[in-house]
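# Here is the input, now give the coordinates:
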Amino acid sequence: MTAPDVPPAPSLPAPDAPAPPLPGIRAVDGNRAALTLLLTQNVVSALLIGRGVPLGTALLGAFVATVLLGLLCFRRTLGALLRDSRWRTPPAWGLALAAFLLAFLASRAFTLAFVTLWPQGADTIPQFLSRGPDLWVLLLAAGLLVPFAEEVAFRGLMLRGHERAAGFLVAALTTSFAFGIAHGVPASVVGIVPLAYALARLTQHTGSLWNAVIVHALNNSIAVAAGAFLAGRELGQTGRAAQMLRDPTFAVPVAGGALLFGTVVLVVLHLWLTPKPDPQARSAPGPWLSAAYVVIVLFGLASAAFTLPTVQETLTHLRGALR
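Below you'll find the model as predicted:
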């Protein structure tokens, strides 16, 4: 007697294979994006100002050019940022405002220490000045749009790429140094580096890029508003306080106190804004340094060199000889 034929069991559908992880932001792409933003902003704004365009409108034009070039050259990298949790996590306004207050104090303390010891450095700090309707354009461009673009490039792309390559601390240090040195003027660099470090740690602590955008926008908006308010006013450069600060007996203690205060505030920020655990940290171990990063540093050093009095005097003599 033969066994009855048993129909084969119906085959179950195979479970879906896990989708491969989407490509993340590479350190080299973050460096290239930051360099592209830096060159575009400086070149386009300089060309427009050279043609007589007011400062606010020139910065607005540079922002538009930066956005268009970024969408053209960095579509894949920007797409990775749009999928990143840093972009999708909403801001924490209270925390951002508290971090802004501490970062603002640290930044100004370091700047005060620098200009107290080297008073001539204060004259080289760029001033965001305009008048009339362009003042409102300047407030929009320098106070909101430029900070947004810079945060996308430095804390969005470069920071994320460096984190994936070398971890949280290295990324915070390397991106802060690049962002600070890119501003060129030594007095500005001294104040911007601690601010940039606070922005990097704030982004890592909250897991949201938008907190850094808030702090950066507040910092720039205050700078524009203060410049507009103080434009044309006598600030007492020959007053008693200014004369006292020119005396080393007073200047050194004031600079030392400001430096100590700024350092303490920066340490508090470092200990408070501990990075939030993130699976992307060190997910693509490798070098964070690339040619684009080196160019950013060299650009900043060259810009700083042009602010030195001896270099300015030489350039003045050369202009006179060529006329």
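
# quick one: low-confidence parts of the stretch 1-150 of the chain?
For the stretch 1-150 of the chain, applying pLDDT under 70 flags the ranges 1-22.

# can you pull out the helices in it?
27-50, 55-73, 75-83, 85-88, 93-117, 133-140, 146-150 (DSSP state H, counting those that start in this stretch).

# Out of those, which is closest to T249?
T249 lies closest to helix 93-117 among these, at 12.3 Å (C-beta to C-beta). Quick note: C-beta positions are derived from backbone N, CA and C, even for glycine.

# picking that back up, got the helices of the stretch 1-150 of the chain as a markdown table, with mean neighbour count and distance to A228 columns?
Formatted as a markdown table, the helices of the stretch 1-150 of the chain follow (neighbours: other C-beta atoms under 10 Å; distance: least, C-beta to C-beta, whole Å):
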| stretch | mean neighbour count | distance to A228 |
| --- | --- | --- |
| helix 27-50 | 20 | 18 |
| helix 55-73 | 19 | 11 |
| helix 75-83 | 15 | 33 |
| helix 85-88 | 16 | 32 |
| helix 93-117 | 19 | 18 |
| helix 133-140 | 17 | 6 |
| helix 146-150 | 21 | 16 |
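
# out of these, nearest to L209?
Per C-beta to C-beta, nearest to L209 of the helices of the stretch 1-150 of the chain: helix 85-88, 4.6 Å.

# check contacts around the nearest residue to P91 once chain neighbours are set aside.
Counting by C-beta to C-beta, 6 or more residues apart in numbering, P91 lies nearest to W210, which is 3.9 Å off, once chain neighbours are set aside. If you count contacts by C-beta atoms under 8 Å, 6 or more residues apart in numbering, W210 has them with 89-91.

# picking up where we left off before, could I get the helices of the stretch 1-150 of the chain as a markdown table with distance to T263?
Shown next, in a markdown table, are the helices of the stretch 1-150 of the chain (distance: least, C-beta to C-beta, whole Å):
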| stretch | distance to T263 |
| --- | --- |
| helix 27-50 | 27 |
| helix 55-73 | 33 |
| helix 75-83 | 33 |
| helix 85-88 | 28 |
| helix 93-117 | 8 |
| helix 133-140 | 32 |
| helix 146-150 | 25 |
